[in-house]
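In: need coordinates for the below:
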Amino acid sequence: MKTILAASLLALSLSFAHAKADLEAKSVPALLKLIEQTQFTYVETGKMFGFVSTQSCMFESADVIVFKNYCFPARVYPAQGYTIISKEFGIIELYEETMDSVLKRDISISQFPAILAPYVNSPLPDLSLTDYSTMIEKMYNRYFPGCWSTNYSFYTETKDANCSKPTDTFIGFAQWAQETQDILNDEVEWKALIKSLNAKFKK
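Out: Okay, the predicted model is just below:
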């Protein structure tokens with residue numbers, strides 16, 4: 001597995017010069033619909049990169065991997081979230097946390113499909129939670145471009161959607177920003193979304 005992962009990451013770095021011209025923000029509602037219609041199997045629980053004191057639960061299908069973060073130990077947390085890996089949609093993060101009395105909700109593209117494409121075929125590679133965590137960490141350390149949408153930015157003190165590069169760099173950003181803002185700023189819709197995900201992803 002580690003040899004496959006190393007080769008994939010090498011292919012990733014070599015292909016980035018070609019991939020960066022095709023960075024597309026794919027429809028979040030389409031991703032959520034795909035998840036709703038897909039049957040997932042629980043795989044394992046373990047430590048994911050970026051989470052210090054909690055563990056994540058891994059669920060898989062042929063084309064989508066979902067990590068339910070803050071999954072273990074089982075208790076009430078001030079935060080909850082999901083990491084979704086898909087060849088078609090990239091790596092998407094859904095996150096909610098109460099911070100300074102603000103209920104902050106975020107949807108982000110941490111890796112675009114074109115960047116992910118060199119090593120996530122369909123069906124997805126048969127990697128462990130630890131392998132996926134290592135992959136995510138190595139990609140994070142390469143500072144690939146990403147985009148985020150939030151109901152409250154501590155920098156602008158208002159709702160915001162932006163990217164680490166000019167937004168016109170990314171295909172479909174305007175529509176993606178509108179879709180995600182609609183979800184994040186509609187409390188009823190957001191709560192319904194999280195409730196449905198929590199119900200679907202149980203061990």
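In: quick one: the helices in this structure, in order.
Out: Under the criterion DSSP state H, helices of the chain are mapped to 2-19, 28-37, 113-116, 129-140, 173-184, 187-200.
In: could you report the neighbour count for residue 62?
Out: Look at residue 62: counted by other CB atoms under 10 Å, it has 10 neighbours. C-beta here means a position set from N, CA and C on the backbone, and glycine is covered the same way.
In: I'd say it and residue 121 touch.
Out: No: taking CB atoms under 8 Å as the definition, residue 62 is not a contact partner of residue 121, at 10.5 Å.
In: who's in contact with stretch 96-108?
Out: Contacts to stretch 96-108, defined as CB atoms under 8 Å, 6 or more residues apart in numbering, come from residues 28, 78-81, 92-95, 146-152, 154, 180, 183-184, 190, 194.
In: so which of those residues are in strands?
Out: Residues from the contacts of stretch 96-108 lying in strands, with DSSP state E as the criterion: 79-81, 92-95, 147-152.
In: out of those residues, which is nearest to residue 163?
Out: Nearest to residue 163 among the ones in strands among the contacts of stretch 96-108 is residue 147, at 4.0 Å by CB to CB.
In: what about the closest one, how many neighbours?
Out: 24.
In: would you confirm that it contacts residue 179?
Out: No: Residue 147 is beyond contact range of residue 179, at 12.0 Å (criterion: CB under 8 Å).
In: touching both of the two, which residues are there?
Out: Counting by CB under 8 Å, 6+ apart, nothing touches both residue 147 and residue 179.
In: lowest-confidence helix or strand of this protein?
Out: Of all helical and strand segments in the chain, the minimum by mean pLDDT, DSSP states H and E falls on helix 2-19, at a mean of 41.
In: quick revisit: make a ChimeraX selection of the buried ones in the ones in strands among the contacts of stretch 96-108.
Out: Buried residues among those (16 or more other CB atoms under 10 Å), as a ChimeraX selection:
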select :80,81,92,93,94,95,147,148,149,150,151,152
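In: what's the closest of the ones in strands among the contacts of stretch 96-108 to residue 164?
Out: For those, the nearest to residue 164 is residue 147 (7.4 Å; CB to CB).
In: now that closest one: closest residue in space that isn't a chain neighbour?
Out: Setting aside the residues directly before and after it, residue 147 is nearest to residue 163 in space (CB to CB, 6 or more residues apart in numbering), at 4.0 Å.
In: contact partners for the one you found?
Out: So residue 163 contacts 145-148, 169-170, 173 (CB under 8 Å, 6+ apart).
In: what's the ChimeraX syntax to select whichever of these are buried?
Out: With 16+ other CB under 10 Å as the criterion, this ChimeraX line picks the buried residues out of those:
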select :145,146,147,148,170,173
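In: okay, the contacts of residue 163 in a markdown table with distance to residue 99 and pLDDT next?
Out: Formatted as a markdown table, the contacts of residue 163 follow (distance: CB to CB, whole Å; pLDDT from 0 to 100):
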| residue | distance to residue 99 | pLDDT |
| --- | --- | --- |
| 145 | 25 | 95 |
| 146 | 20 | 96 |
| 147 | 21 | 98 |
| 148 | 15 | 97 |
| 169 | 29 | 93 |
| 170 | 27 | 97 |
| 173 | 26 | 97 |
